[in-house]
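Trainee: Show me the folded form of this:
(one chain, ligands or ions: 3)
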Amino acid sequence: MKNIPQTIGIIMDGNGRWAKAKGLPRTAGHKQGADTIRTVALAANDLGVKKLILYAFSTENWKRPDDEVGYLCKLPGIFFARYIKELMENGIRVTFAGELERFPKDTQEVIQKAVLQTKDNPGLELCIAINYGSRREILLAMQKYAKDVASGNRENDITEEEVSNYLFVKEDVDLMIRTSGELRISNYLLWQIAYAELIFTPVAWPDFDRECLEQCIEEYNRRDRRYGGLTK
Ligand code: IPE
Ligand code: IPE
Ligand code: MG
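Mentor: Numbering: from 1, shown residues only. Ligands and ions are numbered 1, 2, ... in the order given. Down below sits the predicted model:
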């Protein structure tokens, strides 16, 4: 494929509806969705994508019933126990975006362990956005900036690039995909998607696969990214 987006963000939506349609509990959708993470990460790595940022848990998802939140907290442990070996073999580096502190200690530990274990891998950066919300990210950045200015650590002026450096996710997103038909951004990477190409697919996240990713990248290649200028 010609032009591979360097940074892809995905809103992994539709796990619950996928399960419901099969007469299964919502958690079954989340479990299948975790397997899709493996499939899509391996595919993105093979294609030469630099960074894949997956929305796994939003700052708003705490509103869900306790048993669902509890299951989602266990999922990183299940995922890494099953797939960390394969991630290592493929040179994939795990990172995260968001505030881990609110999760149970063991959830925090499995994530930190995966980050540490994979930190020198040269391939795809697989960034899991967890307890992530874009407004919260911007708020924390502003607080940190104000503190740095007040303590004399920096001048009271700032460039766009420096704003990015205060965020959890510092890269611009080239391609943003949302699965399962909803046409909204749900507080995801608001600063970073300023010039992203947006693709909304009806496919539920548990059914999303390598071919779906390739189709999205083909669609991305058909877009004319003008950045406010004119077509060459
Ligand atoms: C996405 O699937 C996973 C998370 C938000 C954690 P949903 O759980 O939102 O599934 P739907 O949208 O209810 O089908
Ligand atoms: C967005 O999906 C969050 C994640 C995929 C983690 P939601 O299902 O929570 O979003 P809304 O509620 O439909 O906006
Ligand atoms: Mg949803």
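Trainee: what are the ranges of the helices in the protein?
Mentor: 15-21, 26-47, 66-89, 105-118, 134-150, 160-165, 210-222 (DSSP state H).
Trainee: Same list as before, those that is, but in CSV and with mean pLDDT, mean neighbour count and distance to ligand 2 included.
Mentor: Where C-beta positions appear, they are placed from N, C-alpha and C, glycine not excepted. Below are those laid out as CSV (pLDDT from 0 to 100; neighbours: other C-beta atoms under 10 Å; distance: least, C-beta to the nearest ligand atom, whole Å):
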stretch, mean pLDDT, mean neighbour count, distance to ligand 2
helix 15-21, 98, 19, 8
helix 26-47, 98, 20, 9
helix 66-89, 98, 16, 9
helix 105-118, 98, 16, 15
helix 134-150, 97, 15, 11
helix 160-165, 97, 12, 22
helix 210-222, 98, 15, 16
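Trainee: so which of those comes closest to N187?
Mentor: Closest to N187 of the helices of the chain is helix 134-150 (C-beta to C-beta; 5.0 Å).
Trainee: Now the closest one - C-alpha only, PDB.
Mentor: What follows is helix 134-150, C-alpha atoms only, in PDB (Å, rounded to 0.1, in the frame of the first residue of the first chain):
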ATOM      1  CA  SER A 134      -9.600  14.600  25.900                       C
ATOM      2  CA  ARG A 135     -11.000  17.500  28.000                       C
ATOM      3  CA  ARG A 136      -9.300  16.000  31.200                       C
ATOM      4  CA  GLU A 137      -6.100  15.700  29.200                       C
ATOM      5  CA  ILE A 138      -6.200  19.400  28.200                       C
ATOM      6  CA  LEU A 139      -7.200  20.400  31.700                       C
ATOM      7  CA  LEU A 140      -4.200  18.600  33.200                       C
ATOM      8  CA  ALA A 141      -1.900  20.100  30.600                       C
ATOM      9  CA  MET A 142      -3.100  23.600  31.500                       C
ATOM     10  CA  GLN A 143      -2.600  23.000  35.200                       C
ATOM     11  CA  LYS A 144       0.900  21.700  34.500                       C
ATOM     12  CA  TYR A 145       1.700  24.700  32.300                       C
ATOM     13  CA  ALA A 146       0.400  27.200  34.900                       C
ATOM     14  CA  LYS A 147       2.500  25.500  37.500                       C
ATOM     15  CA  ASP A 148       5.700  25.500  35.400                       C
ATOM     16  CA  VAL A 149       5.200  29.300  34.700                       C
ATOM     17  CA  ALA A 150       4.500  30.000  38.400                       C
END
